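Engineer: Quick one, structure for this:
(one chain, ligands or ions: 2)
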Amino acid sequence: MNKTGFGFMRLPQKEEKIDFSLLCQMVDAFIKRGGTYFDTAYIYLDGESEEALKKTVVERYPRESFQIADKLPSWRIKSHEDCQRYFDEQLRRCGVTYFDVYLVHSLTEENYKVCEKTDQFAFVRKMKAEGKARQIGFSFHGSPELLEQILADHPEVDCVLLQINYLDWDSVSVQSRRCYEVAAKYGKRILVMEPVKGGTLAKLPEKAEALLRSFRPDWSIPSWAIRFVTSLEKVDIVLSGMNTLEQIYDNMQAFEPLTQEERECLAQTADIIRAGTAIQCTGCDYCTPNCPTGIPIPQFFKLFNEYSQSGEAGNLQEQYDALADAGSKASACIECSQCEQSCPQKLEITNLLKLTARAFG
Ligand code: SF4
Ligand code: SF4
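Structural biologist: Ligands and ions are numbered 1, 2, ... in the order given. Next up is the predicted model:
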C-alpha cells in the first residue's frame with residue numbers, strides 16, 4: 001500500500017485563489033497511483049481547504065473509495081458544546097456524513113489543558129460510538145513526556161499525527177525520534193506530518209544538495225525526505241502538502257526502505273542544513289492570526305534565511321519593504337508572545353524578529 005496521504009493545508013494557487021483545475025488533476029493523479037487518504041482541518045485556508053476537498057474529491061469519487069481525516073481546533077473550544085458545533089460544520093463543509101479519522105488538533109502543553117477542561121476526548125469518543133468518526137486521535141506538537149502523558153490518560157485513541165522528518169529526528173526542540181518511539185510503544189497508528197518540513201527539505205543549501213546528489217544522482221532532493229519517513233516501520237501514512245503534478249509523481253513512487261548508508265548520508269545532510277539555516281520556520285502560519293500588529297512572521301523569516309545564506313540584503317530588502325508596507329515591520333513587535341505559544345517549532349519569535357529587524361532595518 002502506498003503510504004502517501006494528500007495534505008490539503010497548502011493547495012495550488014492561481015491569482016491568489018485555489019487553482020481548482022490543477023487540484024482536480026492532482027487528485028486524479030494521486031488516486032490513479034493508489035492514494036486514498038486526504039487530510040484537512042477546520043482552520044486550513046480559513047475553511048476553504050475543507051470545501052476544496054468536497055469539490056475535488058467528495059463530489060467526484062464514491063465515498064467508500066477514499067478516507068478523510070479532519071481535525072477539531074482544540075484551542076478554539078470554549079465549552080464542551082462547541083465541539084459538536086464545529087464537528088457539524090466540518091461535516092457540512094466536507095459534504096460527508098462521517099470522517100474516517102478525526103483528530104483533536106495540535107496538542108501542546110497549552111492546548112492539552114483546554115482540551116481536558118472542555119472534555120474534547122469525551123466528544124471524539126462519542127462521535128466514534130455514533131459511527132461519525134471511524135478512528136480517533138490527535139495531532140501533536142509537544143515533548144515526548146507530554147505525548148506519553150496523553151497516551152496514558154487516553155488509551156481510547158487509535159492514532160497520533162506526529163511531525164517527523166530527517167531534520168527534526170534528533171532535534172532538541174521537536175524530538176521526532178523520541179515521539180515516534182513513545183507512539184510505537186503504545187501501539188498507536190502513526191501518521192506523519194511535515195515530512196519535507198514545510199518545503200525546507202525540498203530545496204537545500206548547495207553543499208547539502210551536492211552531498212545527496214553525489215550519493216544518488218537519480219533521486220530528487222524532496223524524495224530523500226519522503227523516503228526517510230516511509231522507511232520507518234511503524235509509520236502508516238505520510239502527509240505530503242503537494243501543489244504540483246510533478247510532486248505527486250515524485251512522492252508516490254514505490255520507495256524501497258533506505259539502507260543504513262543512505263540514512264547516515266541524511267544525518268550528515270541534516271548537520272549541514274542546521275549549520276546553514278538560521279531560523280527553522282516551516283511557514284505553517286499558525287503564529288500570524290493572533291498577532292496584534294500584523295507582522296508577516298514566516299515571510300520575514302524566509303527572507304532572513306536567504307539573507308544569512310547569501311550574506312547580503314540585495315533585492316531581499318525590496319521584498320522586506322513591500323511586506324512591511326502591506327503589514328508591519330519586524331521592529332513593530334510588542335513582545336506579547338502570543339505567536340510563540342502557537343508555534344509548533346517552539347521558535348523564539350520575538351528574538352528572531354529582532355535579528356530580522358537588524359538585518360533589514
Ligand atoms: S510577540 Fe510580536 S510578533 Fe508575536 S504576536 Fe506579539 S506582536 Fe506579534
Ligand atoms: S514561526 Fe512558527 S508558527 Fe510561525 S510560521 Fe514559522 S513555524 Fe509556523
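
Engineer: How is this protein partitioned into domains?
Structural biologist: Domains of the chain are assigned by automatic domain parsing as 4-258, 297-360.

Engineer: got the residue ranges for the strands in this protein?
Structural biologist: For the chain, applying DSSP state E gives strands covering 4-7, 13-14, 17-18, 37-39, 67-72, 99-107, 133-140, 159-163, 189-193, 235-240.

Engineer: Need phi/psi at the residue in the stretch 1-150 of the chain that ligand 2 sits nearest to.
Structural biologist: Residue of the stretch 1-150 of the chain nearest ligand 2, by CB to the nearest ligand atom: His141 (9.6 Å). Just so you know, the C-beta spots here come from the backbone N, C-alpha and C atoms, and that holds for glycine as well. Main-chain torsions, His141, degrees, to the nearest 10: phi -140, psi 70.

Engineer: so what's the residue lying closest to it once chain neighbours are set aside up against?
Structural biologist: The spatially closest residue to His141, leaving aside those adjacent along the chain, is Pro344, at 3.8 Å (CB to CB, 6 or more residues apart in numbering). Contacts for Pro344 (CB atoms under 8 Å, 6 or more residues apart in numbering) come out as Ser106, Thr108, His141, Gln163, Thr282, Cys284, Tyr286.

Engineer: got the residue ranges for the helices in the stretch 1-150 of the chain?
Structural biologist: Ranges of helices within the stretch 1-150 of the chain are 20-32, 48-53, 80-94, 109-117, 120-129, 144-153, based on DSSP state H, counting those that start in this stretch.

Engineer: Pick the most deeply packed of these.
Structural biologist: helix 48-53 (a mean of 22; mean count of other CB atoms under 10 Å).

Engineer: got a list of contacts for that one?
Structural biologist: If you take CB under 8 Å, 6+ apart as the criterion, helix 48-53 is touched by 8-9, 11, 18, 20, 23, 38, 40-42, 44-45, 68, 70, 90, 93-94.

Engineer: What average pLDDT does it get?
Structural biologist: Across helix 48-53, pLDDT averages out at 97.

Engineer: Keeping just the C-alphas, turn that helix into PDB.
Structural biologist: The C-alpha coordinates for helix 48-53 follow below in PDB (Å, rounded to 0.1, in the frame of the first residue of the first chain):
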ATOM      1  CA  GLU A  48     -11.500  26.700   2.100                       C
ATOM      2  CA  SER A  49      -9.500  23.600   2.500                       C
ATOM      3  CA  GLU A  50     -12.500  21.500   3.700                       C
ATOM      4  CA  GLU A  51     -14.600  23.000   0.900                       C
ATOM      5  CA  ALA A  52     -11.900  22.200  -1.700                       C
ATOM      6  CA  LEU A  53     -11.900  18.600  -0.500                       C
END
